[in-house]
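In: sequence first, predicted model second:
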Amino acid sequence: MFYAWKWRERETKIPVETSVSRAAAARDALPRITTEKGGKSTDVCHDDTAPRVNFQTIDELHSLQKKRSAPTTPLRDGSASGVSGTSGPTTPVSSETMLQSVSASLASLTRETGPKLIRGDPTSAANVAHVPVTPTSLPTADVSDSGLKFTHILHNLSPAGNNPLNVTVLNQGPNLILIVVTSTGALATLSGAKTGRSPKDKRVVKDETTEAELWWGKGSPNIEMDEQTFLVNRERAVDYLNSLDKVFVNDQYLNWDPENRIKVRIVSARAYHSLFMHNMCIRPTPEELENFGTPDFTIYNAGKFPCNRFTHYMTSSTSVDINLGRREMVILGTQYAGEMKKGLFGVMHYLMPKRKILSLHSGCNMGKDGDVALFFGLSGTGKTTLSTDHNRYLIGDDEHCWSETGVSNIEGGCYAKCIDLAREKEPDIWNAIKFGTVLENVVFDEHTREVDYTDKSVTENTRAAYPMSTFRTRRYRALDHTRRTGYTALVAGTEEGVKEPRATFSACFGAAFIMLHPTKYAAMLAEKMQAQGATGWLVNTGWSGGSYGSGSRIKLAYTRKIIDAIHSGVPSEILEPINAWEDKMAYEDTLLKLAGLFKSNFETFTSHKIGDDGKLTEEILQLVLTSE
């Protein structure tokens, strides 16, 4: 949607310390729930889900990523990437309190001990001096085997400098999934069998607090699990991470609003995941990192290791578990990086409304005169593309917060779909794919290492993750007044089995990520729009001139002109979509069918009352019924 206001810079940089509730003991297991393997595509928003990649060996997977061609100039190892040597990271070393904090995060809940930690890469001779003397006393009996060794912590590595994170990525060994430096300097990587999120494998701990607060039941993305099962999966993930010679730790922020930012810690086994989160989250300054302290939320990404399929509530070897009471997330059995990004987005959908801040699944940019636009829509509707406009300042492409004082980006980077990406159509995104960018599941020429963005051999859900520092950006804007709003139409996502655009509904344009009932967010949005005098625009970024197969998708250049017209004021002679259809009867039939779908979808929410008297629910329902 589009929101416009004057803005002023915020100088305050005071972090908010959010208390973290730690459960002392596991609760009794709740009754088992059943999850149908098939599921209904209309139950939740699948957004960036994608079919599994079928391969028997790693070599088969690699063959999908490389296009065969005749070599041009011979390439020597390291020559194309500009990488020489294998020296360890030179990131400034943080204090001993950081190591103690990370060790506490990785502590086993049953043994109450964390690993012995060493800073730096174990393959680097430069870090030998940092290795402490091995204690002479034998470990106690309740320490796991992983406690007999040291774990090397690679903390907040950067892709730049004499010893970039890219070198660490490339030196992880031949047995890991292939990572290649492309012709532009970006890293091309594979996420394995899972090339999209796994919403049917996502679980949320249902306890006394979340049972009353969260949205459960039909249409909800929140599939319950008990805390005991969460702790079993957490133990499995922590044990796996502690068994590694080195793990990657990112301490970063969410939300550019300094008064409402959240401290997050991501512990991962793959360097590519570390670089991905380095790009996607907000990077602390060295001073902020020294005083980072205890995180407000922690992710344990052990996605290279599967969950136990015989564990309570598990329906596959993949499990993405969130415990809001413990402020923790555990990932097992999937290496798709988007699980981390969207998992944290879900957490913000829970935490921010508690502070009367509306969390939004939207892109956002700002004009030279201070007019700000918010773009609501699912994956593929144009949020990233339309918010990335060289004539406007980019605030963010996907996740935002709207507080009483302004709108702020939750993230520090962009995660753009790059299937069919072309320099002519999207020059800003094209130019952002360079050194430090992570390209996920793209296909490239094995000799020139040029990426073919039209190739869907691995998946249609190809992605690029890059920091927002690539663009002219404004991360936080104070609110003065809002002049206009608008939102994009729904376009089918990339879920398995969908071959053409399909009518689909997603509460708040992000049903797969919201935690509370949709009417909570809707009421907050209505209140803020009314307070700011905002108006709304429905912009069709999908098909025109007929349905899929007869019509065609609206050209990006035309959509940009429509949005430019909205920014500058739209004449009263608004174009009627029916005028673009040759078959007027087909248009009327399609319109009536869509109206029926809207009515059926809304029935899911009519039983939920907003406010003490529930009048707002009745008003919204009456509006829907009278609009047919």
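Out: Done, it's in. Numbers count the residues shown, from 1 in each chain.

In: rest of the way, CA atoms for contacts and neighbours
Out: Fine.

In: for Asn268, which non-adjacent residue is closest in space?
Out: For the record, residue 268 is Ser, not Asn. Asn301 (4.7 Å; C-alpha to C-alpha, 6 or more residues apart in numbering).

In: outside of the helix or strand that neighbour falls within, which residues touch it?
Out: Taking DSSP states H and E as the criterion, Asn301 maps to strand 297-302. By C-alpha atoms under 8 Å, 6 or more residues apart in numbering, the residues outside strand 297-302 that reach it are 105, 234, 237-238, 240-241, 262-269, 327-333, 340.

In: who is the residue nearest to Ser268 paired with across the strands?
Out: Ser268, Ile331 (DSSP bridges).

In: that one: neighbour count?
Out: 30 (other C-alpha atoms under 10 Å).

In: which stretches of the stretch 151-300 of the chain form strands?
Out: Using DSSP state E, counting those that start in this stretch, the strands assigned to the stretch 151-300 of the chain run over residues 179-181, 187-189, 202-205, 224-225, 246-254, 262-268, 297-302.

In: ok, now the stretch 401-550 of the chain?
Out: In the stretch 401-550 of the chain, the segments counted as strands under DSSP E, counting those that start in this stretch are 406-409, 413-417, 438-440, 443-445, 451-452, 463-467, 476-478, 487-488, 538-539, 543-544.

In: where's Ala459 relative to Ala186, distance?
Out: Wrong residue type there; residue 459 is Thr, not Ala. Using C-alpha to C-alpha, to the nearest Å, Thr459 is found at 19 Å from Ala186.

In: please disregard the earlier target; I meant Lys246.
Out: 24 Å.

In: surely Asp454 meets Ile419?
Out: Actually, residue 454 is Thr. It isn't Asp. Yes - using C-alpha atoms under 8 Å, Thr454 is in contact with Ile419, at 5.8 Å.

In: of the two, which one has the most company?
Out: Ile419 (19 against 15).

In: which ones are touching the more buried one?
Out: Neighbour list for Ile419: 453-456, 460-463 [criterion: C-alpha under 8 Å, 6+ apart].

In: how about it: what's its closest non-neighbour residue?
Out: Counting by C-alpha to C-alpha, 6+ apart, the residue nearest Ile419 is Tyr453, at 5.3 Å.

In: show me the contacts for that neighbour.
Out: 418-422, 442-443.

In: coming back round to it: for the strands of the stretch 401-550 of the chain, which one ends up most surrounded?
Out: Highest mean neighbour count of the strands of the stretch 401-550 of the chain: strand 438-440, a mean of 28 (counted as mean count of other C-alpha atoms under 10 Å).

In: and it, what does it pack against?
Out: strand 187-189, helix 271-280, strand 463-467 (3 or more C-alpha pairs under 8 Å, 6 or more residues apart in numbering; DSSP states H and E).

In: right, and those - which one's nearest Thr519?
Out: Closest of these to Thr519 is helix 271-280, at 28.7 Å (criterion: C-alpha to C-alpha).

In: ok, and the closest non-adjacent residue to Glu399?
Out: His361 (5.0 Å).

In: model confidence for that neighbour, exactly?
Out: Note on His361: pLDDT of 92.

In: and the helices in this protein?
Out: Using DSSP state H, the helices of the chain run over residues 58-65, 96-105, 165-170, 208-213, 227-243, 271-280, 286-290, 338-354, 383-387, 427-432, 518-532, 556-568, 584-602, 615-626.

In: let's have these in a markdown table, adding distance to Ser544, mean neighbour count and mean pLDDT.
Out: Below are the helices of the chain laid out as a markdown table (distance: least, C-alpha to C-alpha, whole Å; neighbours: other C-alpha atoms under 10 Å; pLDDT from 0 to 100):
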| stretch | distance to Ser544 | mean neighbour count | mean pLDDT |
| --- | --- | --- | --- |
| helix 58-65 | 34 | 16 | 83 |
| helix 96-105 | 52 | 17 | 89 |
| helix 165-170 | 44 | 22 | 67 |
| helix 208-213 | 41 | 13 | 94 |
| helix 227-243 | 47 | 21 | 95 |
| helix 271-280 | 34 | 26 | 94 |
| helix 286-290 | 50 | 13 | 91 |
| helix 338-354 | 31 | 20 | 97 |
| helix 383-387 | 18 | 23 | 86 |
| helix 427-432 | 25 | 17 | 92 |
| helix 518-532 | 29 | 16 | 86 |
| helix 556-568 | 12 | 14 | 81 |
| helix 584-602 | 10 | 14 | 81 |
| helix 615-626 | 24 | 13 | 58 |
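
In: quick one: which of those helices is nearest Pro467?
Out: Of the helices of the chain, nearest to Pro467 by C-alpha to C-alpha is helix 271-280, at 4.7 Å.
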